[in-house]
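Novice: Turn this into a structure:
(2 chains)
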Amino acid sequence: GQNIDQPTEMTATEGAIVQINCTYQTSGFNGLFWYQQHAGEAPTFLSYNVLDGLEEKGRFSSFLSRSKGYSYLLLKELQMKDSASYLCAGFDRGSTLGRLYFGRGTQLTVWP
Amino acid sequence: EADIYQTPRYLVIGTGKKITLECSQTMGHDKMYWYQQDPGMELHLIHYSYGVNSTEKGDLSSESTVSRIRTEHFPLTLESARPSHTSQYLCASREGNYGYTFGSGTRLTVV
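Specialist: Numbering: from 1, shown residues only, chains lettered A, B, ... in the order given. Just a heads-up that it's a prediction; the model follows:
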């Protein structure tokens, strides 16, 4: 299977840094996506890691270790608008479909 | 600008009614997907399509059906809605090795 695990909930204060972890079974995935989903809205793309290491994009960074089946999303200088669910998704490029397998999401609440 | 559109955004319907959820994309993507998402749960793939006239069922057993007569259009139909179909339905498309682009979703309530 493609079990993807991430914490259910996290809280942090404005201006802080938060790291959301994601673990998965190492076989089958060729990359790791992170999506942000606000309540009642569609997921929006944040980052994609296909190689090991850190990808930085503004206040958001994402890290991948393929050998360990581990990724994290790092959010800096938190803002109230960052309160959302963050979805980790493994990319199975081996299938013709090229589909994503999603975790349950981590609900992040940012307090003033 | 690339976009994917879903209508209606919200729908409340009685048990036994037939409904069609619309999904259209303007990006010319071949691959399209329908996901079902309940609150606090992961997205479950219910249907997907490689291209025109190509549709397959996903992981989650679903009583819905889909069609792909045109590249840009991937509607989902429930022949007889039941309360167990109450959920959010998300349509997505992708091209190449990029991630999905999602529509805004349809929140369906069957009473």
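
Novice: hang on, A:Leu51 is in a helix, isn't it?
Specialist: No: secondary structure of A:Leu51 (DSSP: H, G, I helix; E, B strand; the rest coil): coil, not part of a helix.

Novice: How about the residue in chain B that chain A sits nearest to: what's its closest non-neighbour residue?
Specialist: Nearest residue of chain B to chain A (Cβ to the nearest Cβ) works out as B:Phe102 at 3.9 Å. Quick note: C-beta positions are derived from backbone N, CA and C, even for glycine. Take B:Phe102 and drop its neighbours on the chain: the residue closest to it by Cβ to Cβ, 6 or more residues apart in numbering or on different chains is A:Ala42, 3.9 Å away.

Novice: How about the contacts made by that neighbour?
Specialist: Contacts here follow Cβ atoms under 8 Å, 6 or more residues apart in numbering or on different chains; on that basis A:Ala42 touches B:90, B:102-105.

Novice: of those, closest to A:Leu75?
Specialist: The nearest member of the contacts of A:Ala42 to A:Leu75, counting by Cβ to Cβ, is B:Phe102 at 20.5 Å.

Novice: got a pLDDT number for the closest one?
Specialist: On pLDDT, B:Phe102 comes in at 93.

Novice: number of nearby residues for it?
Specialist: By the measure other Cβ atoms under 10 Å in any protein chain shown, the count of residues near B:Phe102 is 23.

Novice: What's the separation between the residue sitting nearest the centre point of chain B and B:Lys57?
Specialist: In chain B, the centroid-proximal residue (Cα atoms, centre = their mean) is B:Trp34; its distance is 3.5 Å. Separation of B:Trp34 from B:Lys57 (Cβ to Cβ, to the nearest Å): 10 Å.

Novice: Name the residues contacting each of these two.
Specialist: Listed as contacting both B:Trp34 and B:Lys57 by Cβ under 8 Å, 6+ apart are B:46-47.

Novice: which of the contacts of A:Ala42 lies closest to B:Leu43?
Specialist: Closest approach between the contacts of A:Ala42 and B:Leu43, by Cβ to Cβ: B:Leu90, at 6.6 Å.

Novice: Next, give phi and psi for the closest one.
Specialist: When read as degrees, to the nearest 10, the backbone of B:Leu90 gives phi -110, psi 130.
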